[in-house]
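# Predicted model follows, preceded by the sequence.
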Amino acid sequence: MSRLAPPVGALEFVKLDRPFSNFKFLDSRYGSPPFPLRRLFSQARSRQCHVLVVEKIEPMAAVLDEVQELQTTIADYELHGLQRLSFWKVNLEKEADLDAVDPSACIGYAILKYDVCPSRTTDAWHVFESVIRKHDHKHNYAPCDTAVSFRVGARQFSASGVLYGQQNGLNKACAQVGLRSICANFLQDYDLTYRRINDLAFAGSATRDPGRGLTTAQTAQVLDGLGIKHTRLSYGGADDIGKFFPYQRAVYSGIESGCGSLLVFSLPENRPGREKNLMHMIACFGHTFNEDTWAPTAEVDYFGADSIRYTPSDAWMSSFLIHDDNFGPNLCMPKAFLKAELVRHAFVLLPHGFAYDGFVAEMIAANFFYSIVGHLADSKNEWYLRLVEAARVRKLILRVVPVTKAAYLAHLQKMDDWDHHTERKDALVEIDRVIQPGFMWMIEVSFPDLFPTNKRKVGEVLLDASQPLPAELTFDMFVIARFPGAYVLPERMEGGNGGPQFLSVPSDLISHTEVLSR
């Protein structure tokens, strides 16, 4: 809880306006610091930072636990410094100014830790943790962001983001810091310790050298030990899943679920001094969305095979938002940058209460779609007819997000279609009565121009996410669907001819509505 520790001594206020030099300041204070610390200052500068507040603090919670772990395992380890930095968009000159400052003026914070360990040739500052608000580009989406609290002087503030950390090569490498970023955010336990991560990873192991990182099996062991349900996809080898399911779609699924993903890739061995079979892990928590992307439409009209049944929403994604402990937080990695042959594993986290992944739900909904929408074949609603035509010419678009029953009902209640219609109360009462599962995958249905440029849809299909996938796919997973002018409900899943039976309920939402924002 060093984020919330009281400062030791007076606060230092450093003006960052020109001609102040971040490079000179960092070199003089932190002795040619690693790239992540420089990136923090560059991010602050790009967000119009005017003032840096520097506080000396005592180690508490996760920081204190790391110090104790290192003192126990490395005889000559010493902590030589601990500071909390905060970045501000307004001019502050003294601690009293913090009493009245607008909390939104704070760009974020960082805790810097100075480790000295002669036996490991370690004598350096590193970023123990930080949260810097993402850049306010309208195309940047970070569904995994949460508010993290920290202290400056006597007052508490918060910044929305995903915890970032940097390895030190002593008790943590890229795997541990990636796990702490994603898991602390998922559990909303920002005092998750590296010792806890290492204890879970090395449980039952005869050797323990956490500074060299973790295997993928140990990474899975940590997630299991923390009670975080996840799917691990392995790439490469004879049975490479990437041949029919690219890693980008798996990683995107974890991000859109609001949980995040971990991506592991191998590094080429053609650089001098690089170990063989060296791999690296990054935390993925957001993405960019380019509404003007040409590729999805061209793929269908110019290059598409007849097997294309729908376009997933990640087709409009340009980059992943990631943390890389070697380079810094809030970076954009183009989705096609990592060559498929370098990717080794993807860990996709699942929301609490969900038994299977969103990318699986998307494929199931695509299979169900034609049976469900066909139930309204007699409908004369113009938006329903446009949806049917879009599906016929293979321009159906699907987007998957997790919802609870309460969240879906709230979404329906807030819906306002293009004609300013809202759903009538008796329909909402009936939908509340018939929906049984508490956790569902909502597969939003749309088509070009409506979805990418306007973030709107014409309906959704909901699947029960609380039960494990059956050995054989059946309509028992289907909960409800909404299309312009009507809901489709299951009447019974086994009809007289062995097929599913549906009934429809009128809806006052007769045109397109906004997608669910996250």
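Everything's here; your move.
# just the strands in the stretch 401-518 of the chain please.
Remark: strands assigned in the stretch 401-518 of the chain by DSSP state E, counting those that start in this stretch are 439-446, 456-457, 459-464, 478-483, 486-492, 501-506, 513-514.
# my read is residue 36 is in a helix, agree?
Yes: checked against DSSP: H, G, I helix; E, B strand; the rest coil, residue 36 lies within a helix.
# number of nearby residues for it?
Residue 36: 22 surrounding residues under other C-beta atoms under 10 Å. Any C-beta I mention is one placed from the backbone N, CA and C, and that applies to glycine too.
# Please name the spatially closest residue to it (chain neighbours excluded).
Spatially, and ignoring its direct neighbours in sequence, residue 36 is nearest to residue 328 (4.2 Å; C-beta to C-beta, 6 or more residues apart in numbering).
# Let me know the pLDDT of the one you found.
Looking at residue 328, its pLDDT is 95.
# Then the one 3 residues further on?
Model confidence at residue 331, expressed as pLDDT, equals 96.
# Report the distance from the host helix or strand of residue 232 to the chain centre.
Residue 232 belongs to strand 230-234 when assigned by DSSP states H and E. Distance of strand 230-234 from its chain centroid, counting by C-alpha atoms, centre = their mean, to the nearest Å, is 16 Å.
# Tell me which residues of it come out buried.
For strand 230-234, burial by neighbour count (16 or more other C-beta atoms under 10 Å) applies to 230, 231, 232, 233.
# Out of those residues, flag the one nearest to residue 457.
Lowest distance from residue 457 to the buried residues of strand 230-234 (C-beta to C-beta) belongs to residue 231, with 26.0 Å.
# right, and that closest one touches residue 354 too?
No: with contacts counted by C-beta atoms under 8 Å, residue 231 stays clear of residue 354, the gap being 10.6 Å.
# What are the buried residues along the helix or strand where residue 323 lies?
Under the criterion of DSSP H and E, residue 323 resides in strand 317-324. With burial defined by 16+ other C-beta under 10 Å, the residues of strand 317-324 counted as buried are 317, 319, 320, 321, 322, 323, 324.
# Contacts for stretch 194-208, please.
Applying C-beta atoms under 8 Å, 6 or more residues apart in numbering, the contact partners of stretch 194-208 are 62, 65-66, 68-69, 171-172, 175-176, 179-180, 183, 210, 214, 218-219, 221-222, 224-226.
# strand partners of the strand holding residue 323, parallel vs antiparallel please.
strand 279-289 (antiparallel), strand 328-334 (antiparallel) (DSSP bridges).
# what about it, average pLDDT?
Taken as a whole, strand 317-324 has an average pLDDT of 96.
# which residues are contacting that strand?
By C-beta under 8 Å, 6+ apart, strand 317-324 touches 134, 139-142, 162, 164-165, 177-178, 181, 248, 251-252, 255, 263, 282-290, 293, 329-335.
# tell me the domain boundaries of this structure?
With domains defined by automatic domain parsing, the chain comprises 2-349, 358-514.
# what is the mean pLDDT for the strand or helix carrying residue 359?
For residue 359, the host element (DSSP H and E) is helix 358-373. In this model, helix 358-373 has a mean pLDDT of 94.
# before we move on, what about stretch 100-109?
Averaging pLDDT along stretch 100-109 gives 96.
# Please apply the same query to stretch 467-480.
Per-residue scores along stretch 467-480 average to 91.
# ends of it, how far apart?
With C-alpha to C-alpha, to the nearest Å applied, stretch 467-480 spans 16 Å between its terminal residues.
# Pull out the buried positions in that stretch.
Per 16+ other C-beta under 10 Å, stretch 467-480 contains these buried residues: 475, 477, 478, 479, 480.
# Kindly reformat the residues you listed as a markdown table containing distance to residue 116.
Output for the buried residues of stretch 467-480, formatted as a markdown table (distance: C-beta to C-beta, whole Å):
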| residue | distance to residue 116 |
| --- | --- |
| 475 | 63 |
| 477 | 57 |
| 478 | 61 |
| 479 | 58 |
| 480 | 61 |
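# nearest to residue 405, of these?
residue 479 (9.2 Å).
# on that earlier part again, residues in contact with the next helix or strand after the strand holding residue 232?
Per DSSP H and E, the first helix or strand lying C-terminal to strand 230-234 is helix 247-256. Residues outside helix 247-256 that contact it (C-beta under 8 Å, 6+ apart) are 143-144, 231, 233, 235, 260-261, 263, 284-287, 312-314, 317, 320, 335-336, 338, 340, 343, 346-349, 357-359, 362, 399-401, 518.
# For the following helix or strand past helix 247-256, C-alpha coordinates in CSV please.
Beyond helix 247-256 on the C-terminal side, the first helix or strand identified by DSSP H and E is strand 261-266. The C-alpha coordinates for strand 261-266 follow below in CSV (Å, rounded to 0.1, in the frame of the first residue of the first chain):
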residue,chain,number,x,y,z
SER,A,261,-5.0,-11.3,-21.9
LEU,A,262,-1.4,-12.3,-21.6
LEU,A,263,0.6,-12.9,-24.8
VAL,A,264,3.8,-15.0,-24.9
PHE,A,265,6.1,-14.9,-27.9
SER,A,266,9.6,-16.2,-28.7
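# How far off centre is strand 261-266?
On C-alpha atoms, centre = their mean, the centre of strand 261-266 falls 14 Å from the chain's centre.
# rewinding a little: relative orientation of the strand holding residue 323 and strand 261-266 in degrees?
80 degrees (axes from the mean of the first three to the mean of the last three C-alpha atoms, to 10 degrees).
# Send me strand 317-324 as PDB with only the CA atoms.
Included here for strand 317-324 are C-alpha records, laid out as PDB according to Å, rounded to 0.1, in the frame of the first residue of the first chain:
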ATOM      1  CA  MET A 317      -9.000  -3.200 -34.600                       C
ATOM      2  CA  SER A 318      -5.600  -1.700 -35.600                       C
ATOM      3  CA  SER A 319      -3.500  -2.200 -32.500                       C
ATOM      4  CA  PHE A 320      -3.500  -3.700 -29.100                       C
ATOM      5  CA  LEU A 321      -2.900  -1.500 -26.100                       C
ATOM      6  CA  ILE A 322      -0.200  -3.200 -24.000                       C
ATOM      7  CA  HIS A 323       2.300  -2.900 -21.200                       C
ATOM      8  CA  ASP A 324       5.800  -4.100 -22.000                       C
END
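# so who does residue 172 touch?
165, 180, 194, 197, 198, 210, 211.
# if you set the cut-off to 6 Å instead, what comes out?
residue 194 (C-beta atoms under 6 Å, 6 or more residues apart in numbering).
# same deal with residue 115?
122, 168.
# related to what we said a few turns ago, closest to residue 371 out of the buried residues of stretch 467-480?
Nearest member of these to residue 371, counting by C-beta to C-beta, is residue 475, at 7.6 Å.
# Assess the claim that the closest one and residue 491 are in contact.
No: assessed by C-beta atoms under 6 Å, residue 475 is found out of contact with residue 491, at 10.8 Å.
# hey, what's in contact with both of the two?
Common neighbours of residue 475 and residue 491 (C-beta under 6 Å, 6+ apart) do not exist.
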